[in-house]
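**Student:** only geometry, no sequence info:
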Ligand SMILES: O=C(O)CCC(=O)C1=CC=C[C@@H](O)[C@@H]1C(=O)O
Ligand SMILES: [Mg+2]
């Protein structure tokens, strides 16, 4: 089967830079792809790279799309190399939207990503009023004493039924991770995400046995190959799944369902197109008690509908 192909790069600025231990992220850049089959049926897809998580770069994704020209076959779509996981996800989702159209029905809560640092203290309440009950906050950015101080203010300000997730983005060392876990154990947070860097999975396996606070791997399991390697290593804690950068949605679904993983789905600040494809997987795979990490719309300046409408004019 041959599909006509159109693609457009896009970029969207965050309302404030997203500060993590990886550094500051100012804008999300990606590619929207449009496949059209011989009947004129359209399948939309999105390529949303996150190279500091191990996906391909935007430049590599654009090179891949450009060398395809104006069409792509089913065979090519399913032979996209594992070195291009965001392209695998984007093209196979677009193919699936044509061949296996399904309506998204979701019964999960979303988790809201709070700004790093003190700003979290001034933003959680509006998000609470919008209905969020789970909040994620980045650590490993400010000096640990300052962050623990802000954390204590945040956790005491939040209503008791709120759930809190901390994400270090691999920015802690063993001693700091232990210091944070001592605090977390006192406050029963939902989990501490990626305390140590990629490559320290064995140490995180050890760390997961020292305290009651559950640990989650994120950067360590960003692609399906990494996910399988950590499972093989013996990780049975939480796996943060970022579908848009993991690779084939078909392989991802198969591995998660075959192994009954404890997964938390997470956004990569994609647009509605990538998010719809990611949430269709979450609807099938995510445990009901794990809020989906897609509460991120407040990170963008313009209303998404307006922005997408202006983008479609160019497609
Ligand atoms: O997972 C969520 O709740 C929201 C998305 C999120 O936190 C992230 C998305 C992309 C890159 C990172 O900064 C961050 C993460 O590390 O999980
Ligand atoms: Mg994370």
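**Tutor:** Perfect, thanks for sending it. Note that the structure is a prediction, hence the values are computed from the model and not measured. Ligands and ions are numbered 1, 2, ... in the order given.
**Student:** residue boundaries of the strands in the stretch 101-250 of the chain?
**Tutor:** Under the criterion DSSP state E, counting those that start in this stretch, the stretch 101-250 of the chain contains strands at 110-113, 134-138, 163-167, 191-193, 215-217, 238-241.
**Student:** Can you give me the domain assignment for this structure?
**Tutor:** 2-101, 110-299 (automatic domain parsing).
**Student:** Let me have the ones you listed in CSV, adding mean neighbour count and mean pLDDT as columns.
**Tutor:** All C-beta atoms are positioned from the backbone trio N, CA, C, and that covers glycine. Converted to CSV, the domains of the chain look like this (neighbours: other C-beta atoms under 10 Å; pLDDT from 0 to 100):
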stretch, mean neighbour count, mean pLDDT
domain 2-101, 18, 96
domain 110-299, 19, 97
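**Student:** nearest to residue 311, of the ones you listed?
**Tutor:** Distance to residue 311, taken as C-beta to C-beta, is lowest for domain 2-101 among the domains of the chain, at 5.9 Å.
**Student:** Assign a three-state SS to the nearest residue to residue 301 once chain neighbours are set aside, would you?
**Tutor:** Computed as C-beta to C-beta, 6 or more residues apart in numbering, the closest residue to residue 301 that is not its neighbour in sequence is residue 15, at 5.3 Å. Following DSSP: H, G, I helix; E, B strand; the rest coil, residue 15 is assigned to strand.
**Student:** can you pull the contacts of residue 15?
**Tutor:** 298, 299, 300, 301 (C-beta atoms under 8 Å, 6 or more residues apart in numbering).
**Student:** residues contacting the last one?
**Tutor:** Right, residue 301. By C-beta under 8 Å, 6+ apart, residue 301 lies in contact with 12, 13, 14, 15.
**Student:** residue ranges for the helices of the stretch 201-315 of the chain, please.
**Tutor:** For the stretch 201-315 of the chain, applying DSSP state H, counting those that start in this stretch gives helices covering 201-207, 224-233, 243-246, 249-259, 272-285, 304-312.
**Student:** what's the angle from the fifth one to helix 249-259?
**Tutor:** Right, helix 272-285. Calculated by axes from the mean of the first three to the mean of the last three C-alpha atoms, to 10 degrees, helix 272-285 forms an angle of 20 degrees with helix 249-259.
**Student:** can you check the last one too?
**Tutor:** Taking the same axes, to 10 degrees, one finds that helix 304-312 is oriented at 140 degrees with respect to helix 249-259.
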